[in-house]
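Chemist: Using only what follows, build the 3D model:
(2 chains)
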Number of protein chains: 2
Amino acid sequence: MGKILESIKLASDVKKLNSEQLKLLCKELRDEITDKVSETGGHLASNLGAIELTVALHYVFDSPNEPIIWDVGHQCYAHKILTGRDITGIRTENGLSGFPKSAESEHDIFVAGHASTSVSAALGIAQAKKISGDDNSVVAVVGDGAASGGMVFEAMNNAGRSGTNLVVVLNDNEMSISPNVGAMAKYLANIRSKEGYFRFKDNLEHTLVKIPLIGKSIFTVLRSVKTFFKDMFYSSNTFEHFGFTYIGPVDGHDIEMLIRTLRRAQSIKKPVLVHVNTVKGKGYLPAEENPSKFHGVAPFYKENGELKKASSDSFSHEFGKIICEFAEKDEKICAITAAMAEGTGLKEFSEKHPERFFDVGIAEEHAMTFAAGLAAGGMKPVFAVYSTFLQRAYDQVLHDASIEPKHVVLGIDRAGIVGGDGETHQGTFDIPILTSIPGTVIYCPADYDELRSSLKKAFDGSGVQAVRYPRDCERKVPEEFCAEYGDYNYFDKNSDSLIITYGRLFTEAAAASKETGASVLKLGKVFPIENNIVEICKNYKNVYFFEESVKYGSIAEHLGAKLFENGFEGNYKIHCVSGFVPHMKVENAMKIHGLDRDSMINTVKEALK
Amino acid sequence: MGKILESIKLASDVKKLNSEQLKLLCKELRDEITDKVSETGGHLASNLGAIELTVALHYVFDSPNEPIIWDVGHQCYAHKILTGRDITGIRTENGLSGFPKSAESEHDIFVAGHASTSVSAALGIAQAKKISGDDNSVVAVVGDGAASGGMVFEAMNNAGRSGTNLVVVLNDNEMSISPNVGAMAKYLANIRSKEGYFRFKDNLEHTLVKIPLIGKSIFTVLRSVKTFFKDMFYSSNTFEHFGFTYIGPVDGHDIEMLIRTLRRAQSIKKPVLVHVNTVKGKGYLPAEENPSKFHGVAPFYKENGELKKASSDSFSHEFGKIICEFAEKDEKICAITAAMAEGTGLKEFSEKHPERFFDVGIAEEHAMTFAAGLAAGGMKPVFAVYSTFLQRAYDQVLHDASIEPKHVVLGIDRAGIVGGDGETHQGTFDIPILTSIPGTVIYCPADYDELRSSLKKAFDGSGVQAVRYPRDCERKVPEEFCAEYGDYNYFDKNSDSLIITYGRLFTEAAAASKETGASVLKLGKVFPIENNIVEICKNYKNVYFFEESVKYGSIAEHLGAKLFENGFEGNYKIHCVSGFVPHMKVENAMKIHGLDRDSMINTVKEALK
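Modeler: Sure, this is the predicted structure:
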């Protein structure tokens, strides 16, 4: 850790530094973050891009009295360090969360794992301050990707007239996760490029005079007033229609300019939008050159940016391959992603079938209804989406795709426990929400072959057809459990105990069966529940359901109710995920929630006693 | 029914009419709709405002090849009539749905009970057409209220660059349901008022020449080219930033001008936004003068607009009164609505505590996270929202208010079966979605006293506290079942059958108990389930759970699983709502789903046999 960095004990210590020290601090932060993320993996590019901005924010604002809300939160590493936290081992069980977390620090006032929420949250806090007569500012830092989400629009639509001291910083790195799409991105690019577009405004000039002086020790070279204006003020744009005072665009790596701009924003005492241009991966060449790779990256060699364990083996990758194959043969197949073309494995599809590929930005609600529209127009859309982000489109699945059924395939990635991303990203809620919607069919394959057959069935079906799979590669099952998978597979071991499960847990169940002699029922189509399954269960004294889902609304619960109503008289035990699962290795989480093979073995053995 | 109207057998028949006949048709439609809605109730003001627009759309576009998607769908009555449907008895069991419904007509291509979905759906259909080489237009008609929803922004953000023949008609009546709020509303008002703002654009002028000639028989008096331009083209605004060609604002009651404008929009062959100004309630004075009252109105006397059965007796009204009282004593209480100040009973609150009242527009996602922000800032927010619209904020309840618990009270109105609004508005999903989110507490009061005590508990609690109640007034329970309600009330009748229920069904259960002698367990705090309840159930041979919720994820199912796991050996039967419930009287729906007192009585009696 660098010398300046070591001297920062409190966030407010940043305020004591002079200009040179601030620049040094940025360098040290950059080194520290690159170092630590190379060891554990994590979000690198966005953090490197936001370093000067973070330092400037803490220089100007008085966190936590003037809270800073990060959107999406994965750009908060420098903020964590400056507020007294050590990011060694970040995203691992004993380290910090990769997102803001109020349990860690009073400086993390609001959770932010999902994008586009910050302006709403900040406006709420700002209104609370206004009601309480508290004059402090509230800052929301929004990435340009997050700004493609409708919630930001809804919040901006309400913020302009709010009379609050809200400062929205648009951290515009021109690409978010994938190269940014949509009209808003184009519009921002337009603002950036139009030098001649800016113009003075008398009232701005007038207000400027009131800006508190910035110590001469910091800014020894004062730019001419003219350049100052020219750099900082473009006006009369869309953000002003929203009632915001717009300042920008500002070079997000010029710490002095940032401080000056943020001070001005702080002094205006009404909603301000500060448009900051940053470069993703700034200062670390491999990340600057390939920011997508270093968005959320696995551990890598710092010298050259190469991954320590390169692997393209995953359900996501396999999903992308299969969809490409299907699309070769069926030209009605379209693929949709909400800003996750790489994460969901759709990169190849996007290149092979650009006319049938739609990256809609961080806009899951729109994505789902758009998919339903494509279906209404005769296409066969698949919406590839992380389980946790599908939560955003619950109403769209229900209202737009299910009441009048549209044939939409959902490729639900990162289903089940996700590991390092923690609470905000767990895929443990899609089962309850999808099963509550009449007509939904859900598959959960255990391996790549079954992924293929599930997707085939999903495209052959009707209405909403979901195929869910984990952030993982396939797991090998013991040979005697290898089979051509059907809607379910029953491995009768002539026991009085039955283990039911699906997806990647099948491997664990198979191993547990070998150890205990218990029979195994592996579901492939997990919902709706086949009637035969009740009959199978009736042959057993003990039935154990292991499932990577929260309990309330799980398949295990639905089956339990069904068994109960059908006069099953044995014992029935549900093993599910309870509560929100923090960041830790998937294996550890499985153990804690009793879903690993040892837990299964112990459960069965205990009953046998 | 008028003479012209009678001559319309197909939507395309509208195209055969001349200018005078079109105007007459509008008059006849206005009479027909006012007549029929006065009998059954329904959405009046918005329909009267959209009559010329509807006629013009069918005059210009070739539905269903050029589909028209209504957003929100309650402005579709004239469209229903022109596409050969009789609106007599609309919203009643034997009549039409009050919303577009594809089962009714090929002209209703997409369901639309929830707002802000149309541009996404239309863009999907338009992309499907583009992929298939179909040159026809797709039209979305969006109210200015619906345009405050983030989904419209997300869709517009994607539509501009789509190269599709998408026509978005902004039906701007300056108020949506409640007087419209937010920056967008202000911006639209600004466009409307700035006469001097418009300017020619060469390319527009150029394109205009290509517009197909409109038959002289229709437009005998051609306005001068100059006026034509001046009226029709304002330019260089926010919509153009989105990549749309903007045309407007146009007088939405000038049928000739509308036809001319829509023809132009149709001819442009890329995304166009047509801004139409309409007057809610147009042509029926009582509705023009009080459009809020006539938004969704009960049956009324056509002569004077007075309601046939005036009543302010409802859970909503009572909720508003109670919140007002609480807010008198506790100045931290804030109330939030998403454009439903009247519907949720918050009108009085908004007048008494304007500084603590927030109508955020049709923006449930923002509303929920904003509420969480208020809570993070030390306030005690209550978000009053219809059950069906809470579906939109699932992720916000989970991610923003529950992972790091924020004390937000949800006043969930229209919970359970809703009646005339049908499938798109049923409040039968909030139980599954809320119970899937760790930490949620849910109350469901049976009467006004319990509503008050539930709200008291909710404000005294922590995390997300939901109080849900029906679109109904309280129901009288038999005297022997009157009690001071606790978290649950157990009426032990020394029987071997137990009926469990909550909310308004308690009255039915009490009546069934009188008839059959069954005991009754009435839940007040319905979730999480108290352990005592399992113990009570164990005293019974037969336990019946009656619940106004879909089954998967219901309290009945959760209790079932719990009973099962705790060794309950009796019979357990769940009676829930199955599937999507179409529009019909609440009482009829109750019968069909086995939730009325007769069904309860029969269920208990059958088991006794």
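
Chemist: Show the backbone phi and psi for the one residue sitting closest to the centre of chain A.
Modeler: Against the mean C-alpha coordinate of chain A, by CA atoms, centre = their mean, the closest residue is A:His114 at 4.9 Å. Main-chain dihedrals, A:His114, degrees, to the nearest 10: phi -100, psi 150.

Chemist: I'd say A:Leu595 and A:Ser549 touch.
Modeler: No. Counting by CB atoms under 8 Å, A:Leu595 sits too far from A:Ser549 to count as a contact (10.2 Å). Every C-beta, even on glycine, is put in place using the N, C-alpha and C of the backbone.

Chemist: For those two, work out which one has more neighbours and name it.
Modeler: Counted by other CB atoms under 10 Å in any protein chain shown, A:Leu595 and A:Ser549 do not tie: A:Ser549 has more neighbours, with 31 against 25.

Chemist: Can you check what pLDDT the model gives A:Ser236?
Modeler: Note for A:Ser236: predicted pLDDT of 46.

Chemist: The residue nearest to the centre of chain A is in contact with A:Phe389, isn't it?
Modeler: Yes. At 6.9 Å, A:His114 counts as touching A:Phe389 under the criterion of CB under 8 Å.

Chemist: Give the bridge partners for A:Thr501, please.
Modeler: In this entry, A:Thr501 is beta-bridged to A:Lys522, by DSSP bridges.

Chemist: okay, now it: neighbour count?
Modeler: A:Thr501 has 29 nearby residues by other CB under 10 Å.

Chemist: Wait, it touches A:Phe546, no?
Modeler: Yes. Applying CB under 8 Å, one finds A:Thr501 in contact with A:Phe546, separated by 4.5 Å.

Chemist: between these two, what contacts are shared?
Modeler: A:508-509 (CB atoms under 8 Å, 6 or more residues apart in numbering or on different chains).

Chemist: The stretch 251-400 of chain A: helices as residue ranges?
Modeler: Shown for the stretch 251-400 of chain A, the helices assigned by DSSP state H, counting those that start in this stretch span residues A:255-268, A:285-289, A:315-329, A:347-352, A:364-376, A:387-390, A:394-395.

Chemist: is it fair to say A:Gly562 lies in a helix?
Modeler: Not Gly; residue A:562 is Lys. Yes. Assessed with DSSP: H, G, I helix; E, B strand; the rest coil, A:Lys562 lies in a helix.

Chemist: beta partners of A:Phe491?
Modeler: Here A:Phe491, judged by DSSP bridges, has bridge partners A:Val520.

Chemist: I figured A:Asp472 hits A:Val586, correct?
Modeler: Yes. With contacts counted by CB under 8 Å, A:Asp472 reaches A:Val586, the gap being 7.3 Å.

Chemist: before we move on, the earlier item: list just the one of the helices of the stretch 251-400 of chain A that sits closest to chain B.
Modeler: Among the helices of the stretch 251-400 of chain A, helix A:364-376 comes nearest to chain B, with 1.9 Å by CB to the nearest CB.

Chemist: Run the contact check for that closest one versus chain B.
Modeler: Yes. Helix A:364-376 reaches chain B (CB under 8 Å from any CB of the partner chain) through A:365-366, A:369-376.

Chemist: what does stretch A:556-565 give?
Modeler: Yes. Interface with chain B: stretch A:556-565 contributes A:556-558, A:560-561, A:563-565 (CB under 8 Å from any CB).

Chemist: What residues does the closest residue to A:Tyr469 other than its chain neighbours make contact with?
Modeler: Nearest residue to A:Tyr469, sequence neighbours excluded (CB to CB, 6 or more residues apart in numbering or on different chains): A:Phe315, at 4.0 Å. The contact partners of A:Phe315, taken as CB under 8 Å, 6+ apart, are A:413, A:448, A:451, A:469-474.
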